[in-house]
Each structure stands twice: as structure tokens, then as C-alpha cells.
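Student: I would like the atomic coordinates for the input below:
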Amino acid sequence: MINITLKDGSVRRYEPGTSLLEIAFDISPRLAKDALVARVNGKLVDLNHRLDEDAKVEFLTFDSEEGRDVFRHSTAHVMAQAVQRLFPGTKLAIGPAIANGFYYDFDSPQRFNPEQLEAIEVEMNKIIKEDLPFARVELSREEALNKFRERGEHYKVELINDLPEDAVISCYQQGEFEDLCAGPHVPSTGRLKAVKLLNVAGAYWRGDERNKMLQRIYGTAFPKKSLLDEHLHRLEEARRRDHRKLGAELDLFSIQEEGPGFPFFHPKGMIIRNELEKFWREEHKRRGYDEIRTPVILSRALWEQSGHWDHYRENMYFTKIDDADFAIKPMNCPGSILIYKSRLHSYRDLPIRMAELGLVHRHELSGVLHGLMRVRCFTQDDAHIFMLPEQVKDEIVGVIDLVNDFYRVFGFDYHVELSTRPEKAMGSEEIWEMATNALREAMEERGLPYKVNEGDGAFYGPKIDFHLEDCIGRTWQCGTIQLDFLMPEKFDLTYVGEDGQKYRPVMIHRVVFGSIERFIGILTEHFAGAFPTWLAPVQVKVLPITDRQLDYAREVTGILAERDIRVELDARNEKVNYKIREAQGQKIPYMLVLGDREAAAGTVAVRHRRKGDLGAVELERFIENLQREISSKEC
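Tutor: Model (predicted):
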């Protein structure tokens, strides 16, 4: 008999060769129905896998991230099977699960259009009804290469050749279809219920623009139609809130052909940007930060010293000045380091907190550019803190509190992730462990639950990432705290200790907004363009009913402007209901409708974009209430 230890610590005994699915059914028929995959001794395996020795076993359902990924990756295989049934000769590339769905890349002479996506979806549902088992087959390298060469699947051959010599090569079969895949998968296609293909896009093989452009079909899948319907509703809501569409409608920003990936901010967009930067400056000054500004172009020697030349060069832009190599900065940290090095520091000076709204440039492929969310130049709200080793935890806690206070202003919930040492990293494992533990201790002191992303840190240090959740449930990675023991070493940063000797400071890199441009895009979608009054480009629209009220309307407009309220007068000879509808469409928070009665009484009839008609009030009272709303940054 073998001992199977379950997640709750209980132990069950089974005959060797018992499958995981049989164990799940023995525990509960409902578990056997809901389970998609199992974790055995920390490794994900198929439910059809049979156990021959003692093991720790955890069954995973669609409620877990790993379960959802297996469910959707299995659906990607079904989609590939449907495509090859309908369009013989189509070559297969890759088909992973992604956040909220899956995709598969195809090389086909057939150009896929919406009608064909519908046909593929119908065929997928047939395959699901066939309830075909997913069967794993392990092959030698030679067997795998021969199999896929015979089928003309040259993308699979390339993938096999790139695998390590000692790699286990496996394929998964369902019915007549077979695909190179490490797995795992759900037990059979019948486990896949509600599927929807969403769109098709171009994608270079392996993301390299020098390679062939393939067709990427995106889809999503859920175990219940109700969950799929809910997801599709969120997607429709996301389309309605698309910041690119709203950015054009509200005249906030544009992306021009002459500058792909380089956004142009229009006057109204600049108002939002300036308000965010003003808020940022006020909060940082209050918390002991000093603002700096560093050059956009710096010498190659600096980037070699920082490590960016070796670890980040493919994302950088370059130029020559006086026959010497220079780079346009992709990050602000080396500039802050040079300012720190410009004079001698005592232990009494630390911590030193330098904050910078620094413009950086990073090379991105044209295919991944997306409005303000993915650009080639953006402003990072960076800060670099230089501190004594014993100050590390307190400074991290201070940054966590700052980030929390910022996001609370905008009404965002968030979760936290800790990213650890990547494969390509500078510095010893001991230094990395010390840095990682410092981040853990700070989060635990603040009671922050967190997820660990193994191997996802920056090349110079571990980091904490803050993921915002918007009003329709999407998450956005914005704030980051990176602890760095390595840059101070590479740049020979020092301070004079109490004993007169020189010591090495510790460094924190951190952002709150992350990118001003991207944060504006997130806010635009979160608020659907209806920005809170303190951020709204136009806070009040004055709407005279007829020309008789024009003089009073101009007087009201002037008074509001003198009180630093952003106001516009609509003096056109149009019906007032038309003016109201247009102001509503422009998401303006307040409309002041002025008729003869208001002009005679010196009042204003207030209309709110969401609450509707609020009645007539004295102008001064309206201004006081509005200023209170603006100063408190109500959302």
C-alpha cells in the first residue's frame, strides 16, 4: 500500500498504480467531477497519472490559477485540432494559456476572419462533445523529431531542437490530433464546457520581427456558461472604457504616425497629468523626499558600469556625441547615483530620499504598442533612497504606507507580489537572500498578504509589485519597491560612519504610479472618462438658456475662473437640452444652467453629471462646496 497525504494533512492508503482520478473519486464524487489537475510532491500532473509510491497530493479546480491555466491550455489544444480539421495543412506554433484565456499561433494560407472563427468554435464544441481523452506519450528526441518532420511541423521541430539534451519530450493526443506539449491537461475534452473565440491578430514567430508573421487566434473558456457570459460582459465594458477611444473623444492625447509609441498630450490631457504630478510632489515633499532632475542622455561608460549595457541593451536607444557612444536612459537610477556621488555623505545624512519625474525611453516592438499602456517613452515617478543597513525595514515600510495612501485616493484595491532572484542576476545568492528577507519582513510587519513570483526580480535585486484592481476587476501592475545591495557596490557608493570609516549604503528603487502615462490610461478606463472633479479637465460648464443670460453667464464664468476652478462657457445659440447632453458626453462633473430666474436672483441651477438636477443655490455656496470636494480629492 502507498500513503497519500492530502492538503489538509490527512493520510489515505491505496494500492500502487491507483490513478489520481480514482483517488479524487474515493474522496468525493464531486471532487472527481471538479478537479482538473493535481499537484504531486509540488509538481503538476494529469489526473490520469498513476501513483506507485508515497506522495503529497493536492487536487486543483478552476478556482485555482493553475487549474484555470490547465483548463484553458487544454482548450487551446482543442482549438488547434478544430483548425486542422477545417483547414488541413495549417502548421502549428504555440498555444499557451494567458490571463483570462488562451491563444494559438497558426501558419496557414487561409486568412482567418470572424466567419471562420465562428466555424472553428462550432467544431470545437463538437470535439468537446466527443469527450476525447487527453493521452500523454513520452518520446525520445529522435522519435519526436522524426514524428514532426514527417508532418512538416517545422515550428515543433525548432522547439524540440531548443530543448535541453536531458529534457523529457512528451506529446498529448486527443482523437486524431497530437501536439508537442509538456502538459498537464484535463482528463478529456468533455471537461471543457463554455468556449468563445474572441479575435485574430498577427504575431511574429517567437516575438521576433525578423521571423514570419503568424495568425494568433485568441479565445477564452469557462466551466459554466454563466461565467463565460459574465466575462464577455466585462470585455464589452472594457471596450466601452477603452482609453484610446475615450482619449480621442475627450481630446486628452493622441498617437501620431510620426511618433509611434510616443504619445502626444493635448491641453486637456495635460491638465490631468499636471494635477497628478502636483499631488505627487505635495505628498513626496511631506514625506521627506527632495526632487531632482537628471539628463535624458548619458554616456555608454555609465550604462556599462550599471550593468544595463549587458543586461538591458536590447531595450535601449543609442546615439553618438563627439564620436563617443551615448544611450538614451531607459531607467533613472544611474542619474540619481551620480548625484549621490557628487559629494561626501555622513551617516547622519541618511536616509537620503531623491524623487524624480524622469522621462525614459525603451525600445518596444511595434506589435505590442498599446495606447498609453505600452509606449516607447514614458515618465517614471521614480525615487531612490540611500540608507544605512539598519534603516532598510523602516524605509520599506514607509514606502508601503506611501503607496497605500496614494491608491486609496483613487479608490483602488490592490494585491502584492514578491519577485525573487532571476536566472540572469548580478551578485551573490547570500546578498539576494538578505535583500529578499528584508522585503518579506516589511510586508509582514504591515500585515500585507503576498504572492511569490520565483525568478521574476530585476537583475540587480528582488522587488515588491503592487497590482491595482479597477472597477471591472482587471489588475494593473503599477507600484514597485526594489531593494538593491548591488548598485552601491558597482558605483562604489559610501558614507562616513560614526567611527570615521567609510561604509556602503543600501539603495531602494521605487515607483508609485509606475508610469504617469500608463496611470492616466488606467484612470481613464477605471472612471470611464468621468474623472473625479479634482482631476477633470473641465470642472464646470456654464450653460445660459438664451442670449438674455449671456452677461450673467460671463460674470459667473469669470468668478469661477478667479477662484481657480476650471470652467467653460457654452455661449452657442443652441437649445439648453442639447448643451446639457453635450456636456454630459464630455463627462464634465457640473453644469450650471442659467435662466432669467437665476440671473435675477444671483443663483445657479446646478446639474451633476451622475446625480442629475440638484436645484438652485447661491453661487458662493456652490463654489464653497465645489472647492471642498476638490481639496478633499473625492472620487
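
Student: Tell me which residues touch Leu439, please.
Tutor: 396, 418, 462-464, 481, 483 (C-beta atoms under 8 Å, 6 or more residues apart in numbering). C-beta here means a position set from N, CA and C on the backbone, and glycine is covered the same way.

Student: List just the nearest of those to Ala97.
Tutor: Checking the contacts of Leu439 against Ala97 by C-beta to C-beta gives Leu418 as the nearest, at 22.8 Å.

Student: in a helix, that's where that closest one is, yeah?
Tutor: No: checked against DSSP: H, G, I helix; E, B strand; the rest coil, Leu418 lies outside a helix; its state is strand.

Student: quick one: it from Ala442, how far?
Tutor: As judged by C-beta to C-beta, to the nearest Å, Leu418 and Ala442 stand 10 Å apart.

Student: rewinding a little: are any of the contacts of Leu439 buried, and which?
Tutor: Among the contacts of Leu439, those classed as buried by 16 or more other C-beta atoms under 10 Å are 396, 418, 462-464, 481, 483.

Student: Could you tell me which of those belong to strands?
Tutor: Under the assignment DSSP state E, the buried ones among the contacts of Leu439 contribute 418, 463-464, 481, 483 to strands.

Student: Wait, Ala32 touches Ala24, no?
Tutor: Yes: with contact defined as C-beta atoms under 8 Å, Ala32 reaches Ala24; the gap is 4.2 Å.

Student: List just the nearest of the buried ones among the contacts of Leu439 to Arg474.
Tutor: Closest to Arg474 out of the buried ones among the contacts of Leu439 is Ile464 (20.4 Å), distances taken as C-beta to C-beta.

Student: Could I get the contacting residues of that closest one?
Tutor: By C-beta under 8 Å, 6+ apart, the contact list for Ile464 reads 396, 400, 416-419, 439, 443, 450, 480-482.

Student: ok so Ala167 is a helix residue?
Tutor: No: per three-state DSSP, Ala167 lies outside any helix segment and is coil.

Student: related to what we said a few turns ago, closest one to Lys129 out of the contacts of Leu439, please.
Tutor: Looking across the contacts of Leu439 and measuring by C-beta to C-beta, the closest to Lys129 is Leu418, at 43.4 Å.

Student: Specify the local secondary structure of Leu302.
Tutor: Once three-state DSSP is applied, Leu302 turns out helix.

Student: quick one: it from Arg510, how far?
Tutor: For Leu302, the distance to Arg510 - C-beta to C-beta - is 21 Å.

Student: Who has more neighbours out of the two?
Tutor: Arg510 (25 against 18; other C-beta atoms under 10 Å).

Student: so how far is Thr480 from that one?
Tutor: Note on Arg510: its distance to Thr480, by C-beta to C-beta, is 6 Å.

Student: so which strand or helix has the residue nearest to Glu138 when sequence neighbours are not counted?
Tutor: Among residues not flanking Glu138 along the chain, Ser170 sits closest, at 5.0 Å (C-beta to C-beta, 6 or more residues apart in numbering). Using DSSP states H and E, Ser170 falls within strand 169-174.

Student: same thing with Val593?
Tutor: Remark: Val593 resides in strand 590-594, with elements defined by DSSP H and E.

Student: on contacts alone, who are the packing partners of that strand?
Tutor: On a contact count with 3 or more C-beta pairs under 8 Å, 6 or more residues apart in numbering; DSSP states H and E, strand 590-594 meets strand 540-544, helix 550-562, helix 576-585, strand 603-608.

Student: Please identify the next secondary structure element, helix or strand, after the longest helix along the chain.
Tutor: Identified as the longest helix of the chain according to DSSP state H is helix 65-86. On the C-terminal side of helix 65-86, the closest following helix or strand by DSSP H and E is strand 91-92.

Student: What strands line up against that next one, and which way round?
Tutor: Paired neighbours of strand 91-92 in the sheet (DSSP bridges): strand 101-107 (antiparallel).

Student: Now do the partner strand against helix 65-86, angle only.
Tutor: For strand 101-107 against helix 65-86, the angle between stretch directions is 30 degrees (axes from the mean of the first three to the mean of the last three C-alpha atoms, to 10 degrees).

Student: hmm, back to that, and the strand holding Ser170, what's buried?
Tutor: Of the residues in strand 169-174, those with enough neighbours to count as buried (16+ other C-beta under 10 Å) are 169, 171-174.

Student: ok now stretch 457-469, how far from the chain's centre?
Tutor: Its chain's C-alpha centre and that of stretch 457-469 lie 12 Å apart, by C-alpha atoms, centre = their mean, to the nearest Å.

Student: I'd like the mean pLDDT over that stretch, please.
Tutor: When pLDDT is averaged over stretch 457-469, the result is 86.

Student: Between the two ends of that stretch, how far is it?
Tutor: Chord length of stretch 457-469, first to last residue, is 22 Å (C-alpha to C-alpha, to the nearest Å).

Student: In that stretch, which residues are buried?
Tutor: Neighbour count says stretch 457-469 has 457-468 buried, by 16+ other C-beta under 10 Å.

Student: now the contacts of Leu439 in a markdown table, with distance to Asn146?
Tutor: Converted to a markdown table, the contacts of Leu439 look like this (distance: C-beta to C-beta, whole Å):
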| residue | distance to Asn146 |
| --- | --- |
| Ile396 | 55 |
| Leu418 | 44 |
| Pro462 | 44 |
| Lys463 | 45 |
| Ile464 | 48 |
| Ile481 | 51 |
| Leu483 | 50 |
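
Student: Where does confidence bottom out across the buried residues of strand 169-174?
Tutor: Ile169 (92).

Student: And the buried residues of stretch 457-469, which is closest to Val122?
Tutor: Among the buried residues of stretch 457-469, and counting by C-beta to C-beta, the member closest to Val122 is His467, at 36.7 Å.

Student: Shouldn't that closest one be within a strand?
Tutor: Yes: per three-state DSSP, His467 lies within a strand segment.

Student: Just give the closest residue to it, not the sequence neighbours.
Tutor: Nearest one to His467, counting by C-beta to C-beta, 6+ apart, is Thr475 at 4.5 Å.

Student: which ones are touching the one you found?
Tutor: Contacts for Thr475 (C-beta under 8 Å, 6+ apart) come out as 415, 467-469.

Student: could you redo the last one with a cut-off of 10 Å?
Tutor: Contacts for Thr475 were tallied using C-beta atoms under 10 Å, 6 or more residues apart in numbering; they are 99, 413-415, 467-469.

Student: One more: Ser428?
Tutor: Contacts of Ser428 by C-beta under 10 Å, 6+ apart are 434, 485-486.

Student: what is Ala201 paired to in the beta sheet?
Tutor: Listed by DSSP bridges, the beta-bridge partners for Ala201 are Arg216.

Student: ok, how many other residues are close to it?
Tutor: Other residues near Ala201 come to 13 when the count uses other C-beta under 10 Å.

Student: Distance check, it against Ile271.
Tutor: Going from Ala201 to Ile271 by C-beta to C-beta gives 34 Å.

Student: Quick one, grab the pLDDT at Thr420.
Tutor: 89.

Student: 49 is where my numbering starts, stick with that
Tutor: Yep, numbering from 49; the last one is Thr468 now.

Student: Nice, that's everything, thank you.
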